[in-house]
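Participant: okay, here's the prediction I keep looking at, along with the sequence it came from:
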Amino acid sequence: MVTVVQRCDELIAELSRFCSDMLYMGPPINDDRLERFEKAISFRLPNDFVYLFKKHNGFSLDGTEVCGLDIELRGASLDELYNFEHDEVGNKMPAEFMPFSPDGFGNYYCLDLSNLIDGFCPVVFWQHDCFYESKTDVEVTHSDFINWVEEVMIAWTLENSNYDGTEK
């Protein structure tokens, strides 16, 4: 049976195959800011997300970004995004949705932290201009964060580009 650590390490290895012009991998988190963030939002983060962030605090591949958690990010830190999307916008996200990746049009891929089961939770796509009658109306895109990274970041990038950045 493959563990979370093995899956995450394989994912990091796959991301690392991309050239440095396409890939940014943030520095590791060596302090307790993830735990403080969990306490602040009153939800636990999924194991795959925490493991990857302990290794790389935010990362991006060819324009698709997973936001980091750091005061230095000035407005693009996960805690600031969470607070903004839950407190300051007209169409507020449910508290259990944790935005982590913007699509560039005001929408976010989010972790649905209310459905954390065995250390994993689904990824949903929150459209800022859709007024959902129920949170169950929000599209579930992936079963977990690792699957999201594998498809949205890696597979979609490889549809148009090679690992070295050349076009297909």
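Facilitator: Done, it's in.

Participant: please save the CA atoms from the helix or strand bottoming out on mean pLDDT in the chain in PDB.
Facilitator: The weakest-scoring helix or strand in the chain, judged by mean pLDDT, DSSP states H and E, is helix 78-83 (a mean of 92). Once non-C-alpha atoms are left out, helix 78-83 reads as follows in PDB (Å, rounded to 0.1, in the frame of the first residue of the first chain):
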ATOM      1  CA  LEU A  78      -3.300  31.500   2.400                       C
ATOM      2  CA  ASP A  79      -4.400  33.100   5.700                       C
ATOM      3  CA  GLU A  80      -5.100  36.400   4.000                       C
ATOM      4  CA  LEU A  81      -6.900  34.800   1.100                       C
ATOM      5  CA  TYR A  82      -9.000  32.800   3.500                       C
ATOM      6  CA  ASN A  83      -9.900  35.900   5.500                       C
END
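
Participant: check which helices and strands the helix ranked longest in the chain sits against.
Facilitator: Ranked by residue count and defined by DSSP state H, the top helix of the chain is helix 4-15. Helix 4-15 sits against strand 23-25, helix 47-55, helix 145-148, with contacts defined as 3 or more CB pairs under 8 Å, 6 or more residues apart in numbering; DSSP states H and E. For every residue, glycine as well, the C-beta is placed using N, CA and C.

Participant: now that helix: buried residues?
Facilitator: Going by neighbour count (16 or more other CB atoms under 10 Å), the buried part of helix 4-15 is 4, 7-8, 11-12, 15.

Participant: cool, stretch 58-74 as well?
Facilitator: Those would be 58-62, 64-70, 73, for stretch 58-74 by 16+ other CB under 10 Å.

Participant: closest one of these to Lys168?
Facilitator: Closest to Lys168 out of these is Asp62 (12.5 Å), distances taken as CB to CB.

Participant: tell me how far that closest one lies from Val2.
Facilitator: Separation of Asp62 from Val2 (CB to CB, to the nearest Å) stands at 27 Å.

Participant: tell me which residue lies nearest the centroid of this structure.
Facilitator: The residue lying closest to the centre of the chain (CA atoms, centre = their mean) is Phe100, at 3.9 Å.

Participant: so that residue, which state does it fall into?
Facilitator: Following DSSP: H, G, I helix; E, B strand; the rest coil, the label given to Phe100 is strand.
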